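# coords please:
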Amino acid sequence: MNYVSKKHRFPGARLPAAARGLLPRLALLALAGALASCAGYLPYDGPSSKAVLSAPDKSVLRGIELVPVNYAIATQLQQEQQDLTFSSYFTEGGDDGQRAAPGDILQIYIWEAPPSLLFAASPLNGDASIGATNNMATLPSQAVADDGDITVPFAGQVHVAGMTTSQIAAKITGLLHGKANQPQVLVNMSENIAQSITVIGAVQHSQEVQMIPGGVQLLRALAEAGGVTQPVEQITIQISRNGQDDTLPLQTVLLNPKENIQLQPGDVVTALYQPMHVTLLGATGMNSVLNFTSGQTSLAEALAKAGGLQDDRANAQGVFVFRFEDQNALNWPTPPKLLVHNKVPVIYQFDLSDPATFFAAQTFEMRNQDLIYVSDAPVTSLQKVLNVVGAVVYPFSTLQNYGVLK
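Numbers count the residues shown, from 1 in each chain. Modelled structure (predicted):
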């Protein structure tokens, strides 16, 4: 058997000392490059600014509107929100609700000039009251039938649906002419059941509020239901009328008497307990859901409540607000293509490195369920790479210091 000495075995296998020391460094540099080129290997809590800004162009996200916000845009959105009021959305009619409808209870009084010919002769029934001195008869209360008619002695069936009490009285008077001696009629609606307002939600007593002469305003209807059960600043009022509805904070109604509108028969008033909350994610001082008791909160206030932007990782140019916006909120360059429940998915971008944007952040009003996201600065990814590399290098360096590796 041929023997090969150790110093001649595997020629070239032993590298120079300088080359041997360079290999670990090259390996670490290769690892750092691989990590830097593949973000999936690094921990992160959300998309980068570049990923968010490119969202409208991605095939899977196409249709999302990206809106860089300046003071003019913030003011336009604020004005659009202020225009969504009860007084502008609902057209108040002149009807005071005192028109008879099936189910309403009417009380009828009839006078005759002496000598009485019809109603003073004898009681109509046990409930009728006849005044001998003034020749006045009070007919029993009766409900308007399903066909809209009531019955009046000596006048027969009288159709009263859709008529006011004065119109009903005039109609009955005309039917009694020639039968009663100079009749005069007074009609009172004792219960306006058919044309009432429904008040439900966060109130003391959900109930129907009857219409009264002169009409019923919104705050009166809430008072009739015992008032709201939660703090005023956390209550939103929804009015539903003829298949349409609009909402407004109760605090706005209290501060602006113009929004205390006249209600109409059939309106449904719902008091909703909706404390406004905003979700904050990314490089902020606190990732959480923030609740606001005030009816109006700006983006600047929301960020301040979250502790502001993190100095060591936040990208001041990458502050975003995600929201489903109304189609008519802005003058879109092209009509929005993507709608979710008739709303447009919008990403509002704020560049807080520009001092002028702070005026926009002060003006931009947050809405319930908005999501605020602050992206990491680009250098943060490099810092994460260096941390990973350091975690690998440190053990090698320690072993070399102790002479384990040479």
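
# need the strands for the stretch 301-406 of the chain, in chain order.
314-325, 344-350, 371-376 (DSSP state E, counting those that start in this stretch).

# Point out the most buried one among these.
strand 371-376 (a mean of 23; mean count of other Cβ atoms under 10 Å). Every residue, glycine included, has its C-beta placed from N, CA and C.

# Mind listing the strands it pairs with, and their directions?
The strands beside strand 371-376 in its sheet (DSSP bridges) come out as strand 276-282 (parallel), strand 314-325 (antiparallel).

# What's the first helix or strand after the first one?
Secondary structure here is assigned by DSSP states H and E; on that basis, the next helix or strand after strand 276-282 toward the C-terminus is strand 288-292.

# Would you pull up how far that next one lies from the middle of the chain?
Distance of strand 288-292 from the chain centroid (Cα atoms, centre = their mean, to the nearest Å) equals 15 Å.

# which intervals of the stretch 51-200 of the chain have sub-threshold pLDDT?
55, 58-61, 82-83, 92-97, 120-134 (pLDDT under 70).

# one step back: how about a markdown table for the strands paired with strand 371-376, with distance to Leu222 and mean pLDDT added?
Listed next are the strands paired with strand 371-376 as a markdown table, based on distance: least, Cβ to Cβ, whole Å; pLDDT from 0 to 100:
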| stretch | distance to Leu222 | mean pLDDT |
| --- | --- | --- |
| strand 276-282 | 20 | 89 |
| strand 314-325 | 29 | 92 |
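
# Compile the strands of the stretch 301-406 of the chain into TSV and extend it with columns for distance to Val67.
Below are the strands of the stretch 301-406 of the chain laid out as TSV (distance: least, Cβ to Cβ, whole Å):
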stretch	distance to Val67
strand 314-325	9
strand 344-350	5
strand 371-376	15
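
# Out of those, which gets nearest to Ser141?
Ser141 lies closest to strand 314-325 among these, at 52.2 Å (Cβ to Cβ).

# What lies in contact with the closest one?
48-49, 52, 65, 282-284, 299, 303, 309, 340-341, 343-353, 364, 366-367, 370-378 (Cβ atoms under 8 Å, 6 or more residues apart in numbering).

# one more time with 6 Å
Residues outside strand 314-325 that contact it (Cβ atoms under 6 Å, 6 or more residues apart in numbering): 49, 52, 283, 343-353, 370-375, 377.

# what's the host helix or strand of Ala169 packed up against?
Assignment of secondary structure by DSSP H and E places Ala169 within helix 165-176. If you count contacts as 3 or more Cβ pairs under 6 Å, 6 or more residues apart in numbering; DSSP states H and E, helix 165-176 packs onto strand 184-191.

# so after the strand it packs on, what's the next helix or strand?
strand 196-201.

# Could you name the helices and strands sitting against that next one?
Judged by 3+ Cβ pairs under 6 Å, 6+ apart, the packing partners of strand 196-201 are strand 207-210, strand 268-273.

# Partner strands of the last one, with direction?
What it means is strand 268-273. By DSSP bridges, strand 268-273 pairs with strand 196-201 (parallel), strand 235-241 (antiparallel).

# picking that back up, mind putting the strands paired with strand 371-376 into TSV with distance to Leu250?
Formatted as TSV, these follow (distance: least, Cβ to Cβ, whole Å):
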stretch	distance to Leu250
strand 276-282	13
strand 314-325	23
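
# what's the closest of those strands to Thr173?
Of all the strands paired with strand 371-376, strand 276-282 comes closest under Cβ to Cβ, at 57.3 Å.

# Give me the residues contacting the closest one.
So strand 276-282 is contacted by 46, 287, 289-292, 302, 306, 366, 368, 370-375 (Cβ under 6 Å, 6+ apart).

# Tell me the gap between it and the middle of its chain.
15 Å.

# same question, stretch 234-252
With Cα atoms, centre = their mean, you get 9 Å for stretch 234-252.

# For that stretch, give me every contacting residue.
For stretch 234-252, contacts defined as Cβ under 6 Å, 6+ apart pick out 86, 89, 228, 232-233, 267-272, 274-275, 295.

# For these, name the two members farthest from one another.
So, those by Cβ to Cβ: farthest apart are Asp267 and Pro275, at 25.1 Å.

# between those two, who's got more neighbours?
Using other Cβ atoms under 10 Å, the more surrounded residue of Asp267 and Pro275 is Asp267, with 23 against 14.

# wait, the more buried one sits on Ile197?
Yes: contact criterion Cβ atoms under 6 Å: Asp267 and Ile197 qualify, at 5.0 Å.
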